[in-house]
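S.K.: This is a predicted model, with the sequence first.
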Amino acid sequence: MTTGSYTSTDHLVGSSPVFQALLRSVRIVAATEVAVLLLGESGTGKELLAREIHRSSPRADQPFISLNCAALPEQLAESELFGHCKGAFSGADRHYDGRIRAAEKGTVFLDEVGELSLPIQAKLLRFLECRECQAVGETRPRTVDVRVIAATNRDLSEMVQLGLFRKDLYYRLNIVPLESPSLKERSGDVPLLMNHYMKQLAEQHNLPLPAVTKAAMACLNRYNWPGNIRELRNVCERLVILRAGQQVDVTNLPLEIQCGAAAMKQSENLANGSLKDMEVQLITDALHRTRGNRTHAARLLGITRDTLNYRLKKHALAEAH
């Protein structure tokens, strides 16, 4: 679909300046032991970035444990994170280490960390400060060597102001914040990502690769991608399955993409038209006020006479004045 140099570290594909800058920061941070806070909209690939930090770090050969905090029932969150002893509560019929201890010597990734309750936030802060992990039902904590990477699509500083997130935990996690850009901010990366995912998914499903037309790719480029990379991958999978070995034109794209891209194009055209109308009106008014004197009109507009003459020709106003 497209050629040229780009970075592809497993699933981290992109050539846009904002994405390349992020990858450089990831490589720098990976060599350290500090906590990292990954920010950005849902679907921008924060877990992939967390895995890349781990993979590029001295802990690469040790476990990488991922936990979606938003999916944790509040009554089980402490046990899931820190573990529990057998008999610690009803249903605890065996010892459980918890995710943090399971990541010993490695990395634990806490996705949607803003969803943790305040009591669990306090225990997480204790772990970050002292490396002490106390399972439910244990009388003494144990020291655990684990790096923490957290992620959120929420504004934690606002949550701190509202009393929903501990200020001390926020500062402890926010040592190195990295912003994962939305897909609409990654100019030029859509074709690269489409090519990457469609090849990968065609191989996964053992299907011939579809061919995306230029018109369809232009439509995909104009689309706003509110679901970011997650949405793009889903579209790729749909096209690989439904258009296997066939051509993908604009009419084969999901309706929301066709409509969304068309709306954006119409908006751009309206904006361009409005700018043209505004420029014509300003020039016309200046010439009217100076009774057609182009030198005086140019001075009034803050441009040179040559620039004014060019604009008059561009807008077919030269003959009128």
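M.R.: Sure, I can see it.

S.K.: Let me see the mean pLDDT of stretch 199-208.
M.R.: Mean pLDDT, stretch 199-208: 96.

S.K.: buried residues in that stretch?
M.R.: Neighbour counts using 16 or more other C-beta atoms under 10 Å place Leu201, Ala202 of stretch 199-208 among the buried residues. Where C-beta positions appear, they are placed from N, C-alpha and C, glycine not excepted.

S.K.: what does that stretch rub up against?
M.R.: With contacts defined as C-beta atoms under 8 Å, 6 or more residues apart in numbering, stretch 199-208 is touched by Leu209, Pro210, Arg233, Cys236, Glu237, Val240, Ile241, Ala244, Gly245.

S.K.: Quick one: end-to-end length of that stretch, please.
M.R.: End-to-end distance of stretch 199-208: 9 Å, with C-alpha to C-alpha, to the nearest Å as the criterion.

S.K.: change the start of the numbering to 431 and stick with it
M.R.: Right, with 431 as the first residue, what we last looked at is stretch 629-638.

S.K.: what about the nearest residue to Met647 once chain neighbours are set aside, which SS state?
M.R.: In this structure, Met647 finds its nearest non-sequential neighbour in Pro621, 5.9 Å apart by C-beta to C-beta, 6 or more residues apart in numbering. Assigned state for Pro621: helix (three-state reduction, DSSP: H, G, I helix; E, B strand; the rest coil).

S.K.: what's the distance between Pro621 and Ser445?
M.R.: 10 Å (C-beta to C-beta, to the nearest Å).

S.K.: Okay, domains of the protein per the record?
M.R.: 447-610, 614-683, 687-744 (automatic domain parsing).

S.K.: how long is the second one end to end?
M.R.: It stands for domain 614-683. End-to-end for domain 614-683, by C-alpha to C-alpha: 18 Å.

S.K.: Show me how far it is from its chain's centre.
M.R.: 18 Å (C-alpha atoms, centre = their mean, to the nearest Å).

S.K.: Contacts only, for Gln564.
M.R.: With C-beta under 8 Å, 6+ apart, Gln564 has these contacts: Phe512, Lys553, Arg570, Pro571, Arg572.

S.K.: buried set for stretch 528-545?
M.R.: Neighbour-count burial for stretch 528-545 [16+ other C-beta under 10 Å]: 528-534, 536-545.

S.K.: Those residues in strands, which ones?
M.R.: Thr537, Val538, Phe539, Leu540, Asp541 (DSSP state E).

S.K.: Where does the prediction get shaky in the stretch 581-730 of the chain?
M.R.: Residue ranges of the stretch 581-730 of the chain with pLDDT under 70: 690-708.

S.K.: before we move on, back to that, from the ones in strands among the buried residues of stretch 528-545, pick the one nearest Ala500.
M.R.: Checking those against Ala500 with C-beta to C-beta, the nearest one is Asp541 at 7.4 Å.

S.K.: Surely the closest one touches Leu497?
M.R.: Yes. Under the criterion of C-beta atoms under 8 Å, Asp541 lies in contact with Leu497, with a separation of 6.8 Å.

S.K.: now for the helix or strand harbouring Leu555, which elements pack on it?
M.R.: Per DSSP states H and E, Leu555 falls inside helix 548-560. Counting contacts by 3 or more C-beta pairs under 8 Å, 6 or more residues apart in numbering; DSSP states H and E, helix 548-560 packs against helix 504-512, helix 597-603.

S.K.: nearest to Ser487, of the contacts of stretch 629-638?
M.R.: Arg663 (25.8 Å).

S.K.: Name the nearest residue to Cys515, sequence neighbours excluded.
M.R.: Gly567 (3.5 Å).

S.K.: ditto for Gly536
M.R.: Gln492 (3.4 Å).

S.K.: My guess is that neighbour contacts Asp575. True?
M.R.: No. Using C-beta under 8 Å, Gln492 is not in contact with Asp575; the gap is 9.2 Å.

S.K.: Mutual contacts of those two, please.
M.R.: Joint contacts of Gln492 and Asp575 (C-beta under 8 Å, 6+ apart) are Glu534, Lys535.

S.K.: which of the two has more neighbours?
M.R.: Between Gln492 and Asp575, counted using other C-beta atoms under 10 Å, Gln492 has the larger neighbour count: 17 against 12.
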